[in-house]
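Chemist: Have a look at this fold, sequence not included:
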């Protein structure tokens, strides 16, 4: 079979000179299917089995649990808001298929657009398609709200890949994290779609002032319904159902910024937040699954544990400091921000996407600091600054995106000083050695005269 | 560093336990959990402090006992390296010991059995001017094709150092003069006599002769070509007195010859060589001893006099002399040191003992593609095809003069390099692999934990020359730092070479490196960058700048 496939690939190889774009695409798919037969030339004769493709795909594999849970959670949140099927496994087929209908277009569009740009630039510059977008393409759907319009998604990805990566020279050269750049583009260019309280649950529409209802099911849902119906399972039905009383659609962070921890626990239980049964971006909500992914990256050494550990340390230090300056008692007039500041630091782990950002965004090998010392500093400040933005800046509900991009910019500077320290250490060492030799010189001089 | 890690892991573990508990116990009031957490952290910090103090005390103790640990301090909580890395052997007690934590041993099949055979089938030997770095491409020949030479007769000299002779390793007839690009001389082939004849020298007496006499004798007799200098790994300039001389008595490269086999029967010659070297420097002759094994290295090394000795324990590249220099007395700031291998020291010793240039070498024929990997006794520059006659399993192989990391690719019709005492033969990897990057079916050496290799640390691999991926831009993946036991940043040095920033290169320590020191980094590089080639370009730039 392998031989037949090889022959097939050989037969369909397009002419490189006539159609470079086609050839680039062909080359990308061919090297995807087959590790090429190139042998070492100069230098080492034997190479490690690890390459960039495998490095990247390890991250993608670590994200798979989040995709599964994220798909389920889109549906789960949707039906929860409508007060239907509130049990975890109740009508799970509806929740999963509802999630799939939402997430598949996002995933497909992300890859079509992102890889399209990559292929175009690879053909234009005449190099092979590099693997960077494997990871970016897997991360971007996970950090978008489930209802993001696909045209916004496309524009943000084009912006991120062209301005963020290709303008700097392609994979390995970018300064800013591509996935976060796509998200930050949506955030600032289309603020109404990604910020605020109302968008984090899929398929909930505003039908009047403060009144919401579920979407109308039709089209694909009708087809699914006829299948489910034939099995005698629950079906989507007509839709347009009103949401349950007291529905806000707000994320825990949105609630906390207004009313502190009390406001959060009014709507969400701690265990729901821990396990991820809360609204939010598609892949960030389930803390245990994120931590499993993080552990996988640490054990395979694909991501650096130093960054993760120091980010947690920065987070804790900052949390303790903010708790320290928060007022002890609240009156009825107290601003929401003070109540938010008083939320104990360890509760902050439950809300928002700290673990996701720490494990998958901060550790991006291209944009993080490259030295061990630099990584400690880099990670610490991500944890520290991110929490400051989350709590103290009312304009941004969550801080990691900005904190990481901010530290991405500073990572080369941190590294620069680490290298400078190495240079200084070396110079100092040489001076010390020379000095020791001068002190030892008389003894040697004696041997010379003895000759 | 490690103690920080241990503490961090402890803290994190406890933290998550608390979080998990509180997640399940929704009823508990926040302040209770908060207090428990604080108490927990306080307890951890207290024990952390205790451990830290004890750790420092152990560190002081270690220093008093002359044990030098790379990252400073021995951790009280043993790391994985410690638990599985074995204990420090007793024999290392009588000399200083350096333990290197970073590095990687690539375990390959085809290790030589320790019997040494005579290489009877080898008739042709070559002197390759390209083996000696720092010479001009077209050396001045002193013999012509057809001339007959004795072992030790001058063959050519370099115009920059006209009084330094490069000599024939064997006696016989010069039959070929092969040229490469730009007419540079690449091989001077000698058809060896059945019975070797040596040019006899009257060697100076070490006790009475002055340094000048010894130097002149070495230049005239061909012994100068045994020396190499760091930085750059070139033939040293006779005008410059080296700060120190370093000899690594073991090779940690994959399938490298065992120096115990090499030195057997040559103990006196080795000591003589060391005595000569001790006269050439104002500093010291440093011997790097093998501290890895259960048993002590041969007495020829451990009992050697006139030299300062230090044990090194760790994984490859621990046997590289460059790494040993870095951990003994680093070069930089205009320092010049000389380095030699064990076989060069023996040749030098024999020259002063017996007055003849005896370029005999014990060469390890190794690799998974050989029927019987073994040692042979031959002379420097032996023909590759003749050495391997009747020993190959198949044809599609890579011949390597040296080890798989920093050796030179050869053909059956070419010759071993002058300094190499190892000929490795491995399979060519010119095959396609279906989804090889995702689901590799054949085992392959790697340091990555994405392969199950780390579960089977003793398994040996066949190894082939497939690149297992395509060349990409540099991406930081921590791979280099796992295998580089020196205080340098390889990737940053490579980048400064690529942008030709000379000041930066020097500052970051390019002068401490030669190709073999970054070879392991090149092996692990996920971007498949040619680090050794880049480094050599950088070194050449530095050398041109003076």
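Modeler: Yep, it's here. Predicted, not measured: the structure shown is a model, and the values here were computed from it.
Chemist: In the stretch 301-450 of chain B, what residue comes closest to chain A?
Modeler: Chain A sits closest to residue B:436 of the stretch 301-450 of chain B, with a gap of 3.0 Å, by CB to the nearest CB. (Glycine included, C-beta is placed from N, CA and C.)
Chemist: need the contact list for the residue nearest to that residue when sequence neighbours are not counted.
Modeler: Nearest residue to residue B:436, sequence neighbours excluded (CB to CB, 6 or more residues apart in numbering or on different chains): residue A:35, at 3.0 Å. Applying CB atoms under 8 Å, 6 or more residues apart in numbering or on different chains, we find residue A:35 in contact with A:51, B:432-433, B:435-437, B:466, B:468-469.
Chemist: ok so, going back, the residue of the stretch 301-450 of chain B closest to chain A touches residue B:451, doesn't it?
Modeler: No - the pair residue B:436 and residue B:451 does not pass the contact test of CB atoms under 8 Å, sitting 12.0 Å apart.
Chemist: Looking at those two, which has the bigger crowd around it?
Modeler: residue B:436 (24 against 19; other CB atoms under 10 Å in any protein chain shown).
Chemist: per-residue confidence at that one?
Modeler: Looking at residue B:436, its pLDDT is 72.
Chemist: Tell me which helix or strand it sits in.
Modeler: Assigned by DSSP states H and E, residue B:436 falls within no helix or strand.
Chemist: phi, psi of residue B:125?
Modeler: Residue B:125 adopts backbone torsions of phi -130, psi 150, taken as degrees, to the nearest 10.
Chemist: beta partners for it?
Modeler: residue B:190, residue B:382 (DSSP bridges).
Chemist: following the helix or strand encompassing residue B:274, which helix or strand shows up next?
Modeler: Secondary structure from DSSP H and E places residue B:274 in helix B:267-280. Per DSSP H and E, helix B:267-280 leads on to strand B:285-290 as the next helix or strand towards the C-terminus.
Chemist: Quickly run through the sheet partners of that next one, with directions.
Modeler: strand B:245-248 (parallel), strand B:308-313 (parallel).
Chemist: just the ones you listed: most buried one?
Modeler: strand B:245-248 (a mean of 24; mean count of other CB atoms under 10 Å in any protein chain shown).
Chemist: Can you give the distance of that strand from its chain's centre?
Modeler: Centroid separation between strand B:245-248 and its chain, computed with CA atoms, centre = their mean, to the nearest Å, is 12 Å.
Chemist: again with stretch A:226-240
Modeler: Once both centres are worked out by CA atoms, centre = their mean, stretch A:226-240 turns out to sit 35 Å from its chain's centre.
Chemist: Can you get me a residue count around the closest residue to chain B within the stretch 1-150 of chain A?
Modeler: Proximity of the stretch 1-150 of chain A to chain B (CB to the nearest CB) peaks at residue A:51, 2.5 Å away. The number of residues packed near residue A:51 is 25, by other CB under 10 Å.
Chemist: what does the one 4 residues further on give?
Modeler: By other CB under 10 Å, the residues close to residue A:55 number 27.
Chemist: near chain B, which residues of the stretch 351-451 of chain A show up?
Modeler: Within reach of chain B by CB under 8 Å from any CB of the partner chain, the stretch 351-451 of chain A has these residues: A:365-366, A:368, A:370-372, A:415, A:419, A:422-423, A:425-427, A:429-431, A:433-434, A:437, A:444, A:448, A:451.
Chemist: how about a cut-off of 7 Å?
Modeler: Contacts of the stretch 351-451 of chain A with chain B, taken as CB under 7 Å from any CB of the partner chain, map to A:365-366, A:370-372, A:419, A:422-423, A:426, A:429-430, A:433, A:444, A:451.
Chemist: quick one: which of those has the most company?
Modeler: residue A:370 leads these on contacts (other CB under 10 Å) with 28 neighbours.
Chemist: Verify the stated contact: that residue with residue B:477.
Modeler: No - in this structure residue A:370 lies outside contact range of residue B:477 using CB atoms under 7 Å: 9.7 Å.
Chemist: counting contacts, what elements does the helix or strand bottoming out on mean pLDDT in chain A pack onto?
Modeler: Lowest by mean pLDDT, DSSP states H and E among the helices and strands of chain A is helix A:191-194, with a mean of 73. Here helix A:191-194 touches helix A:178-189, going by 3 or more CB pairs under 7 Å, 6 or more residues apart in numbering or on different chains; DSSP states H and E.
Chemist: Other residues contacting the helix it packs on?
Modeler: A:136, A:139-140, A:143, A:152, A:156-157, A:159-161, A:164-165, A:193-195, A:361, A:401, A:404-405 (CB atoms under 7 Å, 6 or more residues apart in numbering or on different chains).
Chemist: how about a cut-off of 8 Å?
Modeler: Contacts of helix A:178-189 (CB under 8 Å, 6+ apart): A:132-133, A:135-136, A:139-140, A:143-144, A:148, A:152-153, A:155-157, A:159-161, A:163-165, A:193-195, A:361, A:401-402, A:404-405.
Chemist: and if you look at stretch A:328-340?
Modeler: The set of residues external to stretch A:328-340 that reach it, using CB under 8 Å, 6+ apart, is A:256-263, A:326-327, A:342, A:391-392, A:394.
Chemist: Can you tell me which of the residues you listed has the most neighbours?
Modeler: Counting neighbours by other CB under 10 Å, residue A:256 leads the contacts of stretch A:328-340 with 27 neighbours.
Chemist: That one belongs to a strand, doesn't it?
Modeler: No - applying DSSP: H, G, I helix; E, B strand; the rest coil, one finds residue A:256 to be helix, outside a strand.
Chemist: Close to chain A: what parts of the stretch 101-250 of chain B are there?
Modeler: B:106, B:108, B:210-211, B:243.
Chemist: Which ones among these lie within strands?
Modeler: Judged by DSSP state E, the subset of these located in strands is empty.
Chemist: got the contact list for whichever residue of the stretch 151-300 of chain A sits closest to chain B?
Modeler: With CB to the nearest CB, the shortest gap between the stretch 151-300 of chain A and chain B falls at residue A:172, namely 3.2 Å. With contacts defined as CB under 8 Å, 6+ apart, residue A:172 is in contact with A:130, A:132, A:366, B:472-475, B:527.
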